[in-house]
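In: Make a model of this:
(2 chains, ligands or ions: 2)
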Amino acid sequence: MSIRFEKVDYEYSPNTPFAFQALKEIDLELSLGKITAIIGATGSGKTTMVQHLNALLLPTAGKVTVQDFEIEANKRFTQVKALRQKVGLVFQFAEYQLFEETLIKDVAFGPKNFGVAEHEAEEIAKSCLRTVGIDELDYEKSPLELSGGQKRRVAIAGILAMSPEILVLDEPTAGLDPQGAKQMMDLFKKLNSEKKITILIVTHNMEHVLDYCDEVVVLDHGKVLMQTDINTFFENDEYMEKANINPPSIIRLKNLLKKNGISISKDVVTIDGMVKELTKRLKK
Amino acid sequence: MKNVTLGQYIPLDSFFHRLDPRSKICAMMALLIAVFIPTGWWGYLIIGTIVIFCVLVSKLQLDFIFKAMKPMLTMLLFLGIINILVIKTGDLWLSFGPINIYSDAVIQTLYIIVRLMMMIMITTLLTATTKPMDMTLGIEDLLLPLEKLKVPTHDIAMMISLALRFIPTLIEEADRILKAQASRGVDLENGSLKEKISAVLSLIVPMFVSCFQRADDLADAMEARGYVVGAQRVRYKTLKFKFGDYVVIIVANILLGLMIYIAVRMSK
Ligand SMILES: Nc1ncnc2c1ncn2[C@@H]1O[C@H](COP(=O)(O)OP(=O)(O)OP(=O)(O)O)[C@@H](O)[C@H]1O
Ligand SMILES: [Mg+2]
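Out: Ligands and ions are numbered 1, 2, ... in the order given. This is a model prediction of the structure:
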């Protein structure tokens, strides 16, 4: 069981002057149960790629497999609803999709669409709102009264309420304050380790990739540039250079030290840990 | 959603793209009037050939133009049915039981279809080859004489250009919200009436919210850059007629004259 892309092409507005090939022969296999980061420059096709996972976009060539669902180019895909319940997709700027009068109703909207009874859906909604850290006093408020960051959390709760097995997040922390972003990332980590939810996360934040993810996929101009595990990725300067990213400062320091003959174990990923490790060595 | 092509600017480089918006608007007006002059098939053949020639010169693909016509299809169908049921003159061509189809009905319908098709081609030719910003300048200049009558010409032009400018943005937005709600299980095709209403609401409410937000942001951004409603403005870009512009206007008006001539001759 896995998520697989086989020679997937995607072209926007084919056969028009605006035709644009956003994905080119994507070949990829992601194992379930992990947290995978999808990174790449703006416009590299990350959003386009993840929208294939719940059949919002259908490949113009190739095949996408998600567990037992097969989405093939030029073939009608009939199990849309079942797939969308399994794969929850949180959009970039998800805050714009809120529409109900109250937060509870908005979060309950998803489960109700999938046939959960009204009362039960509201119970689920409450627990999901609690999970994403929305204050109980706000449950009956209108989404319009919330700040951007709070709206984002409500939107995430709206997807969690459908209890997906695969959670796809398109830049879920963009625009959140650092503390709030960390809380969200901690939440995703928890969902992954406790409920065994597979998580795919599109992000520009390398610290998050380093701290929370198991694997990384780098996209570049609609192609897969590389796919490796986090440790290999951050240990090799060439990889990061090829992916054209700025490594987190701790990684830069570590790799610089390594070049000068001081190798630090890969368990050290925080500044505090680094300070401790270095003082220990200096004392020796 | 992405198939809405009506009113969209297509960035290409052609003779028509380089023309002055004013001459294009004037020529379009002349042609539109010409299309509605009852000249019979000869007149339409002449205009039709010229319009199709223009489309080819503009480098727009013909199927792009046909797509722009698609939304009209149902209307045309409806018109055709009404015509066939109502018009009872000319030769009887076909009859199925109570329904009799007369030659005039068919010819009338064909006339309307041809006229509408040409109308759409002509307007698409204008909107697809003119940047919204240039269009505003053009409209504003052409409305200038009305300024004397205290008509707020600049405001009108600005409103038109903003509306044109935001069509693609709103389509994109609608597409995004549609997708976001689809991933929450919204299904616009199946389900009971109540479910359908809730599905439509889930699209419309966020659309309205984001439209108002956008309008607000836009107003702030314009004010921050010194835009004052009703103030005298100078222009960064000034329009200038070139040789081609005179040619286009003259040709369009000759064509209009020709149509009038044909119509007058025919009515004698
Ligand atoms: N609806 C669309 N029509 C045409 N082209 C599009 C459309 N959406 C995206 N594209 C193009 O496809 C390419 C990939 O877009 P995509 O949104 O997948 O990028 P991204 O990697 O998610 O970028 P970002 O980091 O900015 O979110 C871009 O070059 C974009 O211009
Ligand atoms: Mg994106």
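
In: Report the mean confidence score over stretch B:257-268.
Out: In this model, stretch B:257-268 has an average pLDDT of 87.

In: now stretch A:137-155
Out: The model assigns stretch A:137-155 a mean pLDDT of 90.

In: Tell me the residues of the stretch 151-268 of chain B that contact chain A?
Out: Counting by CB under 8 Å from any CB of the partner chain, the stretch 151-268 of chain B comes close to chain A at B:173, B:176-177, B:179-187, B:201-202, B:205-206, B:209-210. C-beta here means a position set from N, CA and C on the backbone, and glycine is covered the same way.

In: again, only this time at 10 Å
Out: Selection of the stretch 151-268 of chain B residues close to chain A by CB under 10 Å from any CB of the partner chain yields B:168, B:173, B:175-187, B:190-191, B:195, B:198-199, B:201-210, B:213.

In: Could I get the full set of helices for the chain?
Out: I'll assume chain A. Per DSSP state H, chain A has helices spanning A:46-50, A:80-86, A:103-113, A:118-131, A:148-160, A:178-195, A:206-212, A:230-235, A:237-242, A:249-259, A:271-283. These are given in chain order.

In: right idea, wrong chain: chain B
Out: Counting by DSSP H, the helices of chain B are B:15-18, B:21-35, B:40-57, B:62-69, B:73-86, B:103-129, B:132-143, B:153-182, B:193-224, B:243-267.

In: Please dump the helices of chain A into a markdown table; it should also carry mean neighbour count for every row.
Out: As requested, the helices of chain A are exported to a markdown table (neighbours: other CB atoms under 10 Å in any protein chain shown):
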| stretch | mean neighbour count |
| --- | --- |
| helix A:46-50 | 23 |
| helix A:80-86 | 19 |
| helix A:103-113 | 25 |
| helix A:118-131 | 18 |
| helix A:148-160 | 23 |
| helix A:178-195 | 15 |
| helix A:206-212 | 20 |
| helix A:230-235 | 18 |
| helix A:237-242 | 14 |
| helix A:249-259 | 15 |
| helix A:271-283 | 11 |
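
In: To A:A73, which of those helices lies closest?
Out: A:A73 lies closest to helix A:46-50 among the helices of chain A, at 14.4 Å (CB to CB).

In: so how far is the closest one off the chain centroid?
Out: Relative to the chain's own centre, helix A:46-50 is displaced by 10 Å; criterion: CA atoms, centre = their mean, to the nearest Å.

In: neighbouring contacts of it?
Out: Outside of helix A:46-50, the residues that reach it under the criterion CB atoms under 10 Å, 6 or more residues apart in numbering or on different chains are A:5, A:8, A:10-12, A:20-23, A:26, A:28, A:38-40, A:56-57, A:64, A:87, A:89-92, A:168-171, A:200-204, A:217-219, A:222, A:224, B:176.

In: can you list the weak-confidence ranges in chain B?
Out: B:1-7 (pLDDT under 70).

In: ok and the residue in the stretch 101-250 of chain A nearest chain B?
Out: For the stretch 101-250 of chain A, the residue closest to chain B is A:N113, as judged by CB to the nearest CB, at 3.1 Å.

In: what's the spacing between that residue and ligand 1?
Out: Counting by CB to the nearest ligand atom, to the nearest Å, the gap from A:N113 to ligand 1 is 24 Å.

In: For PyMOL, write the selection for the buried entries among the contacts of helix A:46-50.
Out: Those of those that count as buried under 16 or more other CB atoms under 10 Å in any protein chain shown are selected in PyMOL with:
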select buried, (chain A and resi 5+8+10+11+21+22+23+26+28+38+39+40+56+57+64+87+89+90+91+92+168+169+170+171+200+201+202+203+217+218+219+222+224) or (chain B and resi 176)
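
In: filter the contacts of helix A:46-50 down to the ones close to ligand 1.
Out: Applying CB under 6 Å from any ligand atom to the contacts of helix A:46-50, one finds that A:12, A:20, A:22, A:40, A:92 fall near ligand 1.

In: Figure out which of the helices of chain A is closest to B:P145.
Out: Going by CB to CB, the one of the helices of chain A nearest B:P145 is helix A:148-160, 47.4 Å.

In: Give the other helices and strands that that closest one contacts.
Out: strand A:87-90, helix A:103-113, helix A:118-131, strand A:166-170, helix A:178-195, helix B:153-182 (3 or more CB pairs under 10 Å, 6 or more residues apart in numbering or on different chains; DSSP states H and E).

In: what's the angle between the third one and helix A:178-195?
Out: Interaxial angle, helix A:118-131 versus helix A:178-195 (axes from the mean of the first three to the mean of the last three CA atoms, to 10 degrees): 120 degrees.

In: could I get the helices of chain A as TSV with distance to B:L162?
Out: Compiled in TSV, these are given as follows (distance: least, CB to CB, whole Å):
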stretch	distance to B:L162
helix A:46-50	27
helix A:80-86	36
helix A:103-113	31
helix A:118-131	38
helix A:148-160	25
helix A:178-195	35
helix A:206-212	39
helix A:230-235	46
helix A:237-242	44
helix A:249-259	45
helix A:271-283	50
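
In: Looking at those helices, which is nearest to B:H154?
Out: The closest of the helices of chain A to B:H154 is helix A:148-160. By CB to CB, the value is 34.7 Å.

In: and the direction of that closest one versus that of strand A:166-170, what angle?
Out: For helix A:148-160 against strand A:166-170, the angle by the same axes, to 10 degrees is 160 degrees.

In: Stretch B:221-228: end-to-end distance?
Out: 12 Å (CA to CA, to the nearest Å).

In: Repeat that for stretch A:133-143.
Out: End residues of stretch A:133-143 are separated by 15 Å (CA to CA).

In: Would you indicate which residues of it are buried?
Out: Neighbour counts over stretch A:133-143 (16+ other CB under 10 Å) mark A:134, A:138-139, A:141, A:143 as buried.

In: which stretch among the helices of chain B comes nearest A:K258?
Out: Of the helices of chain B, nearest to A:K258 by CB to CB is helix B:153-182, at 44.1 Å.

In: List the contacts of whatever residue of the stretch 101-250 of chain B ends up closest to ligand 2.
Out: Here the stretch 101-250 of chain B gets closest to ligand 2 at one residue, B:R176, 10.8 Å apart by CB to the ion. B:R176 is in contact with A:47, A:91-93, A:96-97, B:1, B:206, B:210, counting by CB under 10 Å, 6+ apart.

In: now swap in A:F233 and tell me
Out: A:37, A:39, A:206, A:209-210, A:213, A:215-216, A:218, A:226-227, A:239-240, A:243, A:245, A:247, A:251 are the contacts of A:F233 under CB under 10 Å, 6+ apart.

In: can you list the domains in chain A?
Out: For chain A, automatic domain parsing gives the domain ranges A:2-241, A:248-284.

In: Among the ones you listed, which comes closest to B:M28?
Out: Of all the domains of chain A, domain A:2-241 comes closest under CB to CB, at 21.0 Å.

In: Next, the distance between the ends of the closest one.
Out: First-to-last residue span, domain A:2-241, CA to CA: 29 Å.

In: what do you get for stretch B:220-240?
Out: Stretch B:220-240 has an end-to-end distance of 32 Å (CA to CA).

In: Which residue, neighbours along the chain excluded, lies closest to the one residue in the stretch 101-250 of chain A that gets nearest to ligand 2?
Out: When scored by CB to the ion, the stretch 101-250 of chain A has A:D170 as its residue closest to ligand 2, at 5.7 Å. Spatial nearest neighbour of A:D170, chain neighbours left out: A:Q92 (4.2 Å); criterion: CB to CB, 6 or more residues apart in numbering or on different chains.

In: wait, doesn't the one you found sit right on A:P172?
Out: Yes - using CB atoms under 10 Å, A:Q92 is in contact with A:P172, at 8.6 Å.
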